[in-house]
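J.: Pasting a predicted model and its sequence here:
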Amino acid sequence: MDSDGAAEYPPRPGHGFDVAIIGAGVVGAAIARQLSHYELKVIWLEAGEDVGAGTSKANTAIWHTGFDATPGSLEARLLRRGHGLLAAFGARAGIPLETTGALLVAWTDEQLGSLPGIRDRARQNGYPDVERIDPIALRALEPNLSDNAKGALVIPQEGILCPFTTPLALATEAVLNGVDLRILHPVTQVTPLPSTYRVSGPGFEIEAGYIVNAAGLGADTVESLFCVPRLEVRPRRGELIVYDKAARDLIRHILLPVPSSMGKGVLVAPTVFGNLLLGPTAEPVETPDATQTTTAGIGYLRHRGQQIVPRLADEEVTALFAGVRAATQFPDYQIRSDGPPRYVLVGGIRSTGLSSSLAIGEHVRDLLDGLGCRLAPKPKPEEAVMPILGEAFLRPHRDVSAIEADPDCGRIVCHCEGVTRAEILRACGSTIPARSLDGVRRRTRALLGRCQGFYCAAQVLELLAVAAGRDVASLTGLDERPSPAPLGRLRTESTRVSPRG
Ligand SMILES: Cc1cc2nc3c(=O)[nH]c(=O)nc-3n(C[C@H](O)[C@H](O)[C@H](O)COP(=O)(O)OP(=O)(O)OC[C@H]3O[C@@H](n4cnc5c(N)ncnc54)[C@H](O)[C@@H]3O)c2cc1C
């Protein structure tokens, strides 16, 4: 029953489903894709206007191995499995992934003393080739690192990935395989019935045999709709600085700090778009939507960044943004099927969910199996191939054969990021189409560059309006409308806090 005219992908008759997934971040997307490989009728409900537009879009985009996770924890197990699954899926589906390797750098004698313990932990987690190096070897690997570094561990398998393509690739495959994605469908009521659940929100009501709660920062609120919530989300903000592409060559690896009880700490990392990223902070905040950047947070990051790579002081900043982690009272992931019947909670996926998402999908499938959900595999599920966004790969504007096949591949709209008219039009007509400037940004990289859309936003908006058959004003309104659910929002203003020279 859809009275609000919201998009359905694809429309289906009837209200009865085998499984309802709540939340379309990267975790919900991985679960949806996994379940789409079985003969199940799956509905996937998202409060916001797009897939991957919550915490999943505003993070550090490290492809974690889990080398430093607590051995024996669910997070350690799913990270290790998820890292490998993502390598295979990413290569096939076109997710930009780069194995840069990481250096975990000790800055104090105390941190230096903790390196052997971290190396042992890495070995327990299945990474035997994590090795310690001295300051001379460290300097040879990273000539721009501060002289104050006292030593490091080398973690060869750590990498970087695209936080935008990952959920979209998973979601696209899920939708291609029949998952019924409903955006702008915030779940506000869940009523347990004898053998199903009634799930409803503004203008819709469905029934589903099983429920998967993948609502991220809203997981406790969703659980409270039908039982005493077993977890309490304690939102923890992370602010980040994106440096201009000119800074990219300052480092070769991800530069990790020694982690603390508050998290993984402030790192410097390359991005798959060819920038440098500095962050994140770790600050408890009152509400899940506290995604503002702050003077104090950015000031701290700049100070810390210059301690790690002194030459960062001279580099220009392209953007600032903040994301909010769904931390809880528990140190580990809370993926459980021991609560209400036919229900799986997928909560507390705090700092590593992008990397572990595919393994979480498998794990939830197994839990549903244990709850009696019938899983008959589909003979040959459809596979998605995503547009190429990574700077290390052949982008359409550099691909002569692509330009010959479609002249729009040679018509650049966003000059900062080299995004063509063809890519924007494809994003607007894709399986899960962009519905806003933010949607185009995450599907193409347009508006993400150093001008932050100053020069191209009007043209992108026009293309979006033509593709959507709408007028530009209505689209601008859509872009600015407050979100109906907690979302980690990417700040888009150009912020030059470090003018050159
Ligand atoms: C600063 C920061 C840095 C990070 N760095 C990394 C990193 O480098 N590598 C890594 O692997 N991970 C990292 N993470 C963690 C990673 O981003 C998260 O673990 C992951 O994005 C969580 O995905 P999710 O799907 O659980 O949540 P989300 O992406 O937030 O998705 C949850 C969705 O549920 C929807 N929702 C909520 N309530 C409802 C409702 N009632 N009805 C319908 N829908 C609802 C929301 O709108 C949202 O879209 C980082 C996180 C942060 C904040």
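T.: Good, I have the coordinates. Numbers count the residues shown, from 1 in each chain.
J.: And the residue nearest the centre of the protein?
T.: Closest to where the C-alpha atoms of the chain average out (CA atoms, centre = their mean) is residue 56, at 2.9 Å.
J.: is it fair to say that one lies in a strand?
T.: No: counting by DSSP: H, G, I helix; E, B strand; the rest coil, residue 56 is not part of a strand but helix.
J.: residues touching it, list them.
T.: If a contact means CB atoms under 8 Å, 6 or more residues apart in numbering, then residue 56 has 25-27, 29, 163, 166-167, 216, 353-354, 488 as its contacts. No exception for glycine: its C-beta is placed from N, CA and C like everyone else's.
J.: got it, and residue 132?
T.: Residue 132 neighbours (CB under 8 Å, 6+ apart): 115-116, 119, 151-154.
J.: and with 6 Å instead?
T.: 115, 153 (CB atoms under 6 Å, 6 or more residues apart in numbering).
J.: Confirm that residue 20 sits in a helix.
T.: No: assessed with three-state DSSP, residue 20 is strand; it does not lie in a helix.
J.: hang on, isn't it packed against residue 41?
T.: No: shown here, residue 20 and residue 41 do not form a contact pair, counting by CB atoms under 6 Å, at 10.0 Å.
J.: any idea how far stretch 89-96 is from the chain center?
T.: Mean-position distance between stretch 89-96 and its chain equals 15 Å (CA atoms, centre = their mean, to the nearest Å).
J.: what does it rub up against?
T.: 97, 162, 165-166, 169, 272, 384-386, 389-390.
J.: mean confidence score for it?
T.: Average pLDDT, stretch 89-96: 97.
J.: could the contacts of residue 56 go into CSV alongside neighbour count?
T.: Formatted as CSV, these follow (neighbours: other CB atoms under 10 Å):
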residue, neighbour count
25, 30
26, 34
27, 33
29, 34
163, 25
166, 29
167, 31
216, 31
353, 28
354, 28
488, 27
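J.: From the ligand, how far off is the closest residue to residue 126 other than its chain neighbours?
T.: Leaving aside its sequence neighbours, residue 126 sits nearest to residue 80 (CB to CB, 6 or more residues apart in numbering; 5.4 Å). Note on residue 80: its distance to the ligand, by CB to the nearest ligand atom, to the nearest Å, is 13 Å.
J.: Could you do residue 143 as well?
T.: In this view, residue 143 and the ligand are 25 Å apart by CB to the nearest ligand atom.
J.: Now for that residue, how many residues are close by?
T.: 10 (other CB atoms under 10 Å).
J.: mind checking pLDDT for it?
T.: Looking at residue 143, its pLDDT reads 98.
J.: Tell me which of residue 20 and residue 41 has more neighbours.
T.: Of the pair residue 20 and residue 41, residue 20 is the one with more neighbours under other CB under 10 Å, namely 26 against 17.
J.: in the sheet, who's paired with that one?
T.: Applying DSSP bridges to residue 20 yields these beta-bridge partners: residue 43, residue 211.
J.: Which residues are in contact with it?
T.: Contacts of residue 20 by CB under 6 Å, 6+ apart are 43, 199, 208, 211.
J.: can I get the CA coordinates of the longest helix belonging to the chain in PDB?
T.: Counting by DSSP state H, the longest helix found in the chain is helix 74-93. C-alpha atoms of helix 74-93 as PDB (Å, rounded to 0.1, in the frame of the first residue of the first chain):
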ATOM      1  CA  LEU A  74      32.800 -11.400  15.800                       C
ATOM      2  CA  GLU A  75      34.300  -8.200  14.300                       C
ATOM      3  CA  ALA A  76      37.700  -9.900  13.800                       C
ATOM      4  CA  ARG A  77      36.200 -12.900  12.100                       C
ATOM      5  CA  LEU A  78      33.900 -10.900   9.800                       C
ATOM      6  CA  LEU A  79      36.600  -8.400   8.900                       C
ATOM      7  CA  ARG A  80      39.000 -11.100   7.900                       C
ATOM      8  CA  ARG A  81      36.300 -12.900   5.800                       C
ATOM      9  CA  GLY A  82      34.900  -9.600   4.500                       C
ATOM     10  CA  HIS A  83      38.300  -8.300   3.300                       C
ATOM     11  CA  GLY A  84      38.700 -11.300   1.000                       C
ATOM     12  CA  LEU A  85      35.100 -11.300  -0.200                       C
ATOM     13  CA  LEU A  86      35.300  -7.600  -1.000                       C
ATOM     14  CA  ALA A  87      38.500  -8.200  -3.000                       C
ATOM     15  CA  ALA A  88      36.700 -10.700  -5.200                       C
ATOM     16  CA  PHE A  89      33.400  -8.900  -5.500                       C
ATOM     17  CA  GLY A  90      35.000  -5.500  -6.000                       C
ATOM     18  CA  ALA A  91      37.200  -6.700  -8.800                       C
ATOM     19  CA  ARG A  92      34.200  -8.200 -10.600                       C
ATOM     20  CA  ALA A  93      31.700  -5.400  -9.900                       C
END
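J.: buried set for stretch 353-372?
T.: Neighbour counts using 16 or more other CB atoms under 10 Å place 353-365, 367-368 of stretch 353-372 among the buried residues.
J.: Can you name the residue of the stretch 1-150 of the chain nearest to the ligand?
T.: residue 25 (2.1 Å; CB to the nearest ligand atom).
J.: Show the contacting residues for that residue.
T.: Per CB under 6 Å, 6+ apart, neighbours of residue 25: 54, 56, 216.
J.: Quickly name whichever of those residues is closest to residue 138.
T.: residue 56 (32.9 Å; CB to CB).
J.: helix/strand/coil for the residue located most distally from the centre of the chain?
T.: Farthest-out residue of the chain from its mean C-alpha position, per CA atoms, centre = their mean: residue 194, at 36.3 Å. Three-state assignment for residue 194 (three-state DSSP): coil.
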